[in-house]
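Enquirer: give me coordinates for this.
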Amino acid sequence: MLRSGLGVWHIANESLRATKGIPRYLCHATIKRENKRVLVAVYLALVNKKNNNLLMLRRQNTGYYDGNFTLVSGHVEEGESIVGATVREAKEEAGLDVKEDQLEVYFTMMRQSSKKKKYVDFFLKIKDTHFDDIDLSRIHNAEPHKASEVNFYPLSKLPGNTIDYVRFAIDQLSQSSDNVKPIFKEWKF
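Expert: Predicted coordinates:
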């Protein structure tokens with residue numbers, strides 16, 4: 001249980017264990033606020049190290065920021081890990097095969113959506129040491145009913161209609177490295 005200015009939080013981790021060097025808090029997490037649900041979402045910032053371009057997709061037919069650009073992303077399903085959800089979303093949205101041990105969290109954000117839903121967002125990237133293991137030639141728009149395009153854009157010139165909080169998280173990429181881990185603390189379990 002964690003007490004904060006936002007109320008009492010319960011972070012359930014009954015079955016947590018370290019997996020392949022991944023911290024316990026990323027293995028399985030269910031986060032609830034008393035009487036209100038907090039949704040957990042994941043985002044994958046895939047930067048092509050050869051040309052410094054970022055994989056982005058333009059949303060469509062979802063009712064949420066349609067026509068705007070975002071990263072490969074999605075909700076964490078019940079019983080799913082943060083990195084496991086990212087692996088699944090990468091495959092579902094972009095046909096990208098990544099493994100859990102190739103990913104790391106570089107930024108975490110709590111936000112309230114335009115529909116007043118509360119989110120905890122985990123932004124992940126491919127570890128620099130694993131970038132050459134990723135087959136970029138397989139990337140395609142695997143969900144054309146939800147995305148009108150999937151493409152790489154220069155990090156220095158993102159599309160103007162990139163979702164604001166996603167743009168902020170992308171800006172944090174320049175401050176992250178494989179040697180610097182994000183600050184995250186489980187409190188009073």
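Enquirer: the closest residue to V98 other than its chain neighbours: neighbouring residues, count only.
Expert: Leaving aside its sequence neighbours, V98 sits nearest to A90 (Cβ to Cβ, 6 or more residues apart in numbering; 5.2 Å). Quick note: C-beta positions are derived from backbone N, CA and C, even for glycine. Applying other Cβ atoms under 10 Å, we find 26 residues neighbouring A90.
Enquirer: tell me where the chain has helices.
Expert: Ranges of helices in the chain, per DSSP state H, are 82-94, 164-171.
Enquirer: where does D97 fall, phi/psi-wise?
Expert: phi -100, psi 110 (degrees, to the nearest 10).
Enquirer: show me what contacts it?
Expert: Shown in contact with D97 (Cβ atoms under 8 Å, 6 or more residues apart in numbering): 90-91, 134-135, 138.
Enquirer: which of the residues you listed ranks first by neighbour count?
Expert: With neighbours taken as other Cβ under 10 Å, the top of these is A90, carrying 26 neighbours.
Enquirer: now it: how far from L158?
Expert: With the distance defined as Cβ to Cβ, to the nearest Å, A90 ends up 20 Å from L158.
Enquirer: and if you look at D135?
Expert: Taken as Cβ to Cβ, the span from D135 to L158 is 24 Å.
Enquirer: V98 too?
Expert: For V98 relative to L158 (Cβ to Cβ), the value is 22 Å.
Enquirer: still on that earlier bit, will you turn the contacts of D97 into a markdown table that also has pLDDT and distance to F168?
Expert: Listed next are those as a markdown table, based on pLDDT from 0 to 100; distance: Cβ to Cβ, whole Å:
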| residue | pLDDT | distance to F168 |
| --- | --- | --- |
| A90 | 97 | 21 |
| K91 | 97 | 26 |
| I134 | 87 | 25 |
| D135 | 87 | 29 |
| R138 | 91 | 29 |
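Enquirer: and which of these is nearest to L44?
Expert: Minimum distance to L44 across the contacts of D97 is 5.5 Å, recorded for A90 (Cβ to Cβ).
Enquirer: what's the distance between the closest one and P159?
Expert: Taken as Cβ to Cβ, the span from A90 to P159 is 20 Å.
Enquirer: over to H140?
Expert: In terms of Cβ to Cβ, H140 sits 19 Å off from P159.
Enquirer: and F69, by the same measure?
Expert: Look at F69 and P159: by Cβ to Cβ, they are 5 Å apart.
Enquirer: who's the closest residue to V72 other than its chain neighbours bridged to?
Expert: Sequence neighbours aside, L44 is the residue nearest to V72 in space, at 4.4 Å (criterion: Cβ to Cβ, 6+ apart). Legend: beta-bridge partners of L44 under DSSP bridges are V72, L124.
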